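J.: using only what follows, build the 3D model:
(one chain, ligands or ions: 2)
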Amino acid sequence: MSYLRNCWYVACMSSELADGPLARTILDEKLVLFRGENGEAAILQDRCPHRFVRLSSGKVAGDAIECPYHGLRFDGAGKCVHQPFEEGEPAPHNRVRSWPVVEKGGLVWLWAGEAESADPALIPASFDLLDDPELKTVHGYLRIAGNYQLINDNLLDLSHVDFIHPAARLPEGYETYRNKVEQRGDQVIHWLWKPGSTPNFIQAALRDSTSVKADVFSHLEWNAPALMMLRTGLQDPGEPEGSDLNLPSAQILTPETETSTHYFWTVSRERKKDDTSIDELYVKALTHIFSTQDGPMVEQAQEAMGEEIDLFAHHPVILSSDAAAVRARRILQKLIREEQGHSSPAPGKIAAA
Ligand code: FES
Ligand SMILES: [Fe+2]
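T.: Ligands and ions are numbered 1, 2, ... in the order given. Modelled structure (predicted):
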């Protein structure tokens, strides 16, 4: 299995670059991420071409990063722009590899394919809301020791919520929800909804209406390889969707390696935007949920799968609640194969949804 290359991956939250260079492994590459004084984020290979020291252990100097060993400096394009004790211009090969970067929604995105195809418009339009000034958006990050597709599976099959998230469980239980999986091109949409439900504690704290019952919905849009926008919310019975509460949440997975993942999340709200106690509640609650409830399940699955990261090679039992997750796996497999120049999926590799 290999990675989809011609797509955007989130490399870090913008806020992570406030205190100097950041070392991060993405798609098995050791990278250094930094923000120059010009305000632009840059991503380079984390290896000085002189004696291979980690540039991330150096410092930002102007718009460049300075190697801590003999002081060579490289700009955001990876070009050596300063060599302290040499005459003349740096040699053309005195450079490090750089990756195309765009900053959007409080996130730094890396293009993993050919630089000339790096088009910011290829970030799914649903992520535009992260820049909506009418919304207050909270960001979070954690690392999980499991393949990113296992976390895709987790988010696309919310039947686990009843079991591992007792406090955030769907009101009245998953089985009482109406459930629909839809494919639009290479997107997978998973709908859950329930008329006349009882909101959970977060929904109850944020909604405007004081009525006890509400029509509750969850709408997850998956885009390859692992860019998801989850909208949950509610409305008084019969009112337009989300009219009482609309909570969009980005769920973004970036492979660190084949067996570990950078998990970025956001939650946006249009109510009580100045109440920082809600920001803190989100960070605390979601970090707790992802790291102590979902994370260990994914990590156990990864441990059992070992080096073979193709789920279907392990002949898993497929349940009806896997429909969205299996569809996403099938689309991703198709896109990776197309990118590598194969026209059709390998027979028998992917089970039907
Ligand atoms: S190792 Fe980086 S300047 Fe020498
Ligand atoms: Fe979960």
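
J.: nearest residue to the residue sitting nearest the centre point of the chain other than its sequence neighbours?
T.: The centre of the chain sits closest to residue 252, judged by Cα atoms, centre = their mean, with a distance of 1.4 Å. Using Cβ to Cβ, 6 or more residues apart in numbering and skipping the chain neighbours, the partner closest in space to residue 252 is residue 264 (4.3 Å). Placement of C-beta: from N, CA and C, glycine included.

J.: name the single longest strand found in this structure.
T.: Determined from DSSP state E, the single longest strand within the chain is strand 245-257.

J.: now the element after that one, going C-ward?
T.: The first helix or strand that comes after strand 245-257 along the chain, using DSSP states H and E, is strand 260-269.

J.: packing partners of the next helix or strand after that following strand?
T.: Beyond strand 260-269 on the C-terminal side, the first helix or strand identified by DSSP H and E is helix 276-289. Packing contacts for helix 276-289, counted by 3 or more Cβ pairs under 8 Å, 6 or more residues apart in numbering; DSSP states H and E, involve strand 136-144, helix 201-206, strand 260-269.

J.: export those as JSON lines, with columns for distance to ligand 1 and mean neighbour count.
T.: Shown next, in JSON lines, are the helices and strands packed on helix 276-289 (distance: least, Cβ to the nearest ligand atom, whole Å; neighbours: other Cβ atoms under 10 Å):
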{"stretch": "strand 136-144", "distance to ligand 1": "28", "mean neighbour count": "18"}
{"stretch": "helix 201-206", "distance to ligand 1": "49", "mean neighbour count": "16"}
{"stretch": "strand 260-269", "distance to ligand 1": "27", "mean neighbour count": "22"}
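
J.: mind listing what the nearest residue to residue 265 once chain neighbours are set aside touches?
T.: With Cβ to Cβ, 6+ apart as the criterion, residue 265 has its nearest non-adjacent residue at 5.0 Å, and that residue is residue 140. Applying Cβ atoms under 8 Å, 6 or more residues apart in numbering to residue 140 gives the contacts 264-266, 282-283, 286-287.

J.: can you name the residue of the stretch 251-353 of the chain nearest ligand 1?
T.: Among residues of the stretch 251-353 of the chain, the one nearest ligand 1 by Cβ to the nearest ligand atom turns out to be residue 256. It sits 24.8 Å away.
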